[in-house]
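Trainee: Pasting the sequence and the predicted model now:
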Amino acid sequence: MPQPHDGLMQDWPLTVDKVITHAATVHGAREVVSRHTDGTVHRTTYRVLHGRARQVSAALAALGIAAGDRVATLAWNSERHMECWYGAMGIGAVLHTLNPRLHPDQLAWIARDGGARVLVLDTSFIALIEPLRAALPFEHYVVIGDGADAAPAPWALAYEDWLAAAGDPPAWGQFPEAAACGLCYTSGTTGNPKGVLYSHRSNVLHAMIGTSAAGLAIGPDDVVMPIVPMFHANAWGLAFACPMAGAKLVMPGGQLDGGSVYELLERERVTFSAAVPTVWLGLLQHLREHGLTLPHLKRVVIGGAALPPAILGAFEEDYGVEVVHAWGMTETSPIGTVGGVPAALGEVSADERTRIKLRQGRPPFGVELRLADDAGADLPWDGATPGRLLVRGFAVAAAYVNGAGGEILDSHGFFDTGDVATIDPHGVMQITDRAKDVIKSGGEWISSIEIENLALSHPAVANAAAIGVPHPKWDERPVLVVEARPGLSVTAAELAAWLEGRIARWWMPDDYVIVEAIPLGATGKVDKRALRTEFENWRSQA
């Protein structure tokens, strides 16, 4: 019953079941294309996907799953993974995505902490799960497979048989928009991972950022390939934003090498894609080796790590593809800022445009940023003063699951991201480092990101990481670890000459280490914790 001062609008809860229902009703014939684990390509539509998601709801209900229960998935991007998302969320269950790239012990810890009763997994992950089963909390296992892979392990149900045996689907919705919807864990770079519990409201509003012009600008004419996995912070919201907009979806499965990515980009005429820098480096290498072009791709979103200038230049100058740099984290659902050149600047030079696009961008509506010093005092948005980056908004975590980390908001309701950043007067934010990755030398900060970006602009460098190593006089000094491009080589002297004059002399690394491969974490980012451990007793060879 409306109160005296209420508006007279309908009560229409923002629950994610409405997203896929809208897609089925308005964009029902729009395709969803997936590469399955056996390598075959499967085609369906939003209308069919909606119906099968309802079958998943019925199958979950038959296992005793109801609103509030948790359902886990361990799967690559595919239409069947989406069916599980909407099938679980539609009845008010919480969909918990598990990351197969984690260490098995950490994966088992997250599964126990998350408390899901059912695990739906791709057949390719049976070997990962089987030896862990005694340490896992699941009552039921359902395996997604095709052809010869369709028969599950003896302890699991076959996905298609499970759906076929389901009865009538239960009603969708009928729960508040504040109800829990999805669960994703942080990457655990310090201590155990922490669970972030999204609500239906936060996921729907976050998806609207994906469809807004100030966000990712996804529309009904786009063909979108989310290379970023669905187990990585909601695939950056694309599994919600694309059906909301009616965009065609192309799901690449687990084959993310340059050749496989290019094949789908070309064949499906993909216009928009999103991934971390390491994936794009692989694609660019494949394009160069085979003399290929990207005639259909219009935009790529790059996030998860700093955007190397070499990737920006290659996409925009060599292939005519617009690069959108974005920043976010699991706790922000994940979109926090989206890059671009502010219109208020008018015409800018090519060099200035590049400098602006390499920054992480401006917050869309619904995200508020704040810069603070270590004492919590506000710092100016002058584009020069670095401070701790804090954030609040409708899709920002207020607490972690099971009370992990204790109180995580300051007195103003802001979450400390752990990033160090500057913000200019136009609201353009630039990450200068992770607070834990800043190299503190002689009481002053050295930006590891700036050193890395310059190293990555060297034509022979495939990947780079600058880390601080202990020093008896200066506390820490930078060491640059470099991975060369296949078939190329680079020396310490060449790297030093490349950096000379481009950074302050006291920022120059004390040493340069060339390795076969830089370790990557579970989300495709450089694992600096592993590097710091490896080099904690390093002594300069210079």
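Mentor: Sure, I can see it. Numbering: from 1, shown residues only.

Trainee: part of a helix, is residue 486?
Mentor: No. Assigned with DSSP: H, G, I helix; E, B strand; the rest coil, residue 486 falls outside any helix and is coil.

Trainee: That one touches residue 288, doesn't it?
Mentor: No. Applying Cβ atoms under 8 Å, one finds residue 486 not in contact with residue 288, separated by 10.8 Å. Yep, even glycine has a C-beta here, placed from its N, CA and C like the rest.

Trainee: Can you pick out the residue with more neighbours from the two?
Mentor: residue 288 (13 against 8; other Cβ atoms under 10 Å).

Trainee: Below-threshold pLDDT in this structure: ranges please.
Mentor: For the chain, the stretches with pLDDT under 70 are 1, 148, 188-191, 443-445, 539-542.

Trainee: longest helix in it, by residue count?
Mentor: helix 46-62 (DSSP state H).

Trainee: can you state the direction angle for the helix or strand following that one and helix 46-62?
Mentor: The helix or strand immediately downstream of helix 46-62 is strand 70-74, counting by DSSP states H and E. Angle of strand 70-74 versus helix 46-62, following axes from the mean of the first three to the mean of the last three Cα atoms, to 10 degrees, is 120 degrees.

Trainee: So which elements touch strand 70-74?
Mentor: helix 79-90, strand 94-97, helix 104-114, strand 118-122 (3 or more Cβ pairs under 8 Å, 6 or more residues apart in numbering; DSSP states H and E).

Trainee: CA atoms only for the third one - export them in PDB, please.
Mentor: Looking back up the chat, that one is helix 104-114. C-alpha atoms of helix 104-114 as PDB (Å, rounded to 0.1, in the frame of the first residue of the first chain):
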ATOM      1  CA  PRO A 104      43.100 -27.300  -6.000                       C
ATOM      2  CA  ASP A 105      43.400 -26.700  -2.200                       C
ATOM      3  CA  GLN A 106      42.200 -23.100  -2.700                       C
ATOM      4  CA  LEU A 107      39.400 -24.300  -4.900                       C
ATOM      5  CA  ALA A 108      38.200 -26.800  -2.200                       C
ATOM      6  CA  TRP A 109      38.400 -24.100   0.500                       C
ATOM      7  CA  ILE A 110      36.200 -21.700  -1.600                       C
ATOM      8  CA  ALA A 111      33.700 -24.500  -2.300                       C
ATOM      9  CA  ARG A 112      33.400 -25.200   1.500                       C
ATOM     10  CA  ASP A 113      33.200 -21.600   2.400                       C
ATOM     11  CA  GLY A 114      30.600 -21.000  -0.300                       C
END
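
Trainee: Can you list the buried residues in it?
Mentor: 106-111, 113-114 (16 or more other Cβ atoms under 10 Å).

Trainee: Just send the residues you listed back as a markdown table, with distance to residue 524 too.
Mentor: As requested, the buried residues of helix 104-114 are arranged in a markdown table below (distance: Cβ to Cβ, whole Å):
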| residue | distance to residue 524 |
| --- | --- |
| 106 | 16 |
| 107 | 17 |
| 108 | 22 |
| 109 | 21 |
| 110 | 18 |
| 111 | 21 |
| 113 | 23 |
| 114 | 22 |
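
Trainee: Validate this expectation: residue 207 resides in a strand.
Mentor: No. According to three-state DSSP, residue 207 belongs to no strand; its state is helix.

Trainee: List the contacts of residue 439.
Mentor: By Cβ atoms under 8 Å, 6 or more residues apart in numbering, the residues touching residue 439 are 445-448, 466-468, 476-478.

Trainee: Weed out the non-buried ones from the residues you listed.
Mentor: 446-448, 466-468, 476-478.

Trainee: I'd guessed residue 67 sits against residue 175; true?
Mentor: Yes. Counting by Cβ under 8 Å, residue 175 is a contact partner of residue 67 at 5.6 Å.

Trainee: Nearest residue to residue 149 in space, please, no chain neighbours.
Mentor: Nearest non-adjacent residue to residue 149, counting by Cβ to Cβ, 6 or more residues apart in numbering: residue 123, 4.4 Å away.

Trainee: Could you do residue 202 as well?
Mentor: Using Cβ to Cβ, 6+ apart, the closest residue to residue 202 is residue 395 (4.2 Å).

Trainee: what does residue 131 give?
Mentor: Closest to residue 131 by Cβ to Cβ, 6+ apart is residue 104, at 7.5 Å.

Trainee: Show the contacting residues for the one you found.
Mentor: Counting by Cβ under 8 Å, 6+ apart, residue 104 touches 128, 131-132.

Trainee: count of neighbours near residue 139?
Mentor: Residue neighbour count, defined by other Cβ under 10 Å, stands at 12 for residue 139.

Trainee: these two touch, right, it and residue 118?
Mentor: Yes. Here residue 139 reaches residue 118: they are 6.8 Å apart, a contact under Cβ under 8 Å.

Trainee: Report the set of residues contacting both of those two.
Mentor: With Cβ under 8 Å, 6+ apart, residue 139 and residue 118 have common neighbours residue 63.

Trainee: in the strand or helix carrying residue 310, what's buried?
Mentor: In the assignment (DSSP H and E), residue 310 maps to helix 309-313. The neighbour-count check on helix 309-313 (16+ other Cβ under 10 Å) flags 309-312 as buried.

Trainee: Sheet-wise, list the partners of the next helix or strand after it with their directions.
Mentor: Once the chain leaves helix 309-313, the next helix or strand it forms, by DSSP H and E, is strand 322-328. When sheet partners are counted by DSSP bridges, strand 322-328 sits next to strand 299-302 (parallel), strand 335-338 (antiparallel).

Trainee: For residue 31, find the nearest of those strands.
Mentor: Checking those against residue 31 by Cβ to Cβ gives strand 299-302 as the closest, at 19.5 Å.

Trainee: ok, residue 66 - contacts?
Mentor: Contacts of residue 66 (Cβ under 8 Å, 6+ apart): 91-93.

Trainee: any idea how far it lies from residue 50?
Mentor: As judged by Cβ to Cβ, to the nearest Å, residue 66 and residue 50 stand 21 Å apart.

Trainee: what's the distance between the residue nearest to residue 321 when sequence neighbours are not counted and residue 454?
Mentor: Nearest non-adjacent residue to residue 321, counting by Cβ to Cβ, 6+ apart: residue 315, 4.3 Å away. As for residue 315, its distance to residue 454 is 19 Å (criterion: Cβ to Cβ).

Trainee: Next: residue 396.
Mentor: Relative to residue 454, and taking Cβ to Cβ, residue 396 is found at 32 Å.

Trainee: Compare the two (neighbour count), which wins?
Mentor: Remark: of residue 396 and residue 454, residue 396 carries more neighbours, 25 against 21, as counted by other Cβ under 10 Å.

Trainee: what helix or strand is that one on?
Mentor: Per DSSP H and E, there is no helix or strand for residue 396.
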